[in-house]
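>>> I need the structure of the sequence given here:
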Amino acid sequence: MPHSAPVVAEPVMLELVDEDGRTIGTAEKLTAHQAPGRLHRAFSVFLFDADGRLLLQRRAREKYHSPGVWSNTCCGHPFPGEPPFLAATRRTAEELGAAPALLREAGTVRYNHPDPASGLVEQEYNHLFAGLVTQPPRPDPAEVLDTAFVTPEALARLREESTFSAWFGTVLDAARPVIREVTGAAAGW
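Numbering: from 1, shown residues only. Sure thing, here's the model as predicted:
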């Protein structure tokens, strides 16, 4: 019986950017997140159902970064050269098994958030997206531990009771103007 060579995973590369979001190079994912962190391109997605409830995900416990905490619908990093909009739709479908029915750009935000639990640093130039989802999520258990659709009131209670990703408040606040357009004023976002 022939022996096969062990499978070696290719390193995941991120796109490094300057303060204006211009690409200046690449770095391996874990290296880019090690203190003090290297500024890199990221995205955050906020999807809502027909009732204006936000789809949250609780990150899988096996994730190396921010495991087991609640966060926005989907977040991640485009591959070098991949448009953030395409990366956002791709990862939402991969992680949650549901593609956005509508997705709009909601600006960018730059932040530096150390994660006290892991010691890693989120030094990101984050492209924000807000939209609608019409399919029930079918999360990939390697990526997502749980999901929940929440109203603004339910989110406030959950944030008091549970741990959220270090970046959650920053990206939610930055995306609110477009979130309000997508959900309508009655939703209360």
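
>>> just the strands in this protein please.
With strands called from DSSP state E, the chain shows them at 13-17, 23-28, 40-48, 54-59, 70-71, 74-76, 102-114, 121-132, 144-150.

>>> out of those, the one nearest R91 is which?
Judged by C-beta to C-beta, the one of these that comes nearest to R91 is strand 74-76, at 4.5 Å. For every residue, glycine as well, the C-beta is placed using N, CA and C.

>>> and the contacts of stretch 111-126?
With C-beta atoms under 8 Å, 6 or more residues apart in numbering as the test, stretch 111-126 has contacts from 17, 19, 21, 32-44, 64-66, 75, 108-110, 166-167, 170-171, 174.

>>> end to end, how far does stretch 67-86 reach?
With C-alpha to C-alpha, to the nearest Å as the measure, stretch 67-86 spans 25 Å from end to end.

>>> just the buried residues of the helix ranked longest in the chain, please?
The longest helix of the chain (DSSP state H) is helix 168-183. Residues 168, 170-172, 174-176, 178-179, 182-183 are the ones in helix 168-183 that count as buried (16 or more other C-beta atoms under 10 Å).

>>> next, the angle from that helix to strand 54-59.
150 degrees (axes from the mean of the first three to the mean of the last three C-alpha atoms, to 10 degrees).

>>> tell me the mean pLDDT over helix 168-183?
Averaged over helix 168-183, pLDDT sits at 96.

>>> for stretch 27-39, same thing?
Mean predicted lDDT for stretch 27-39 stands at 95.
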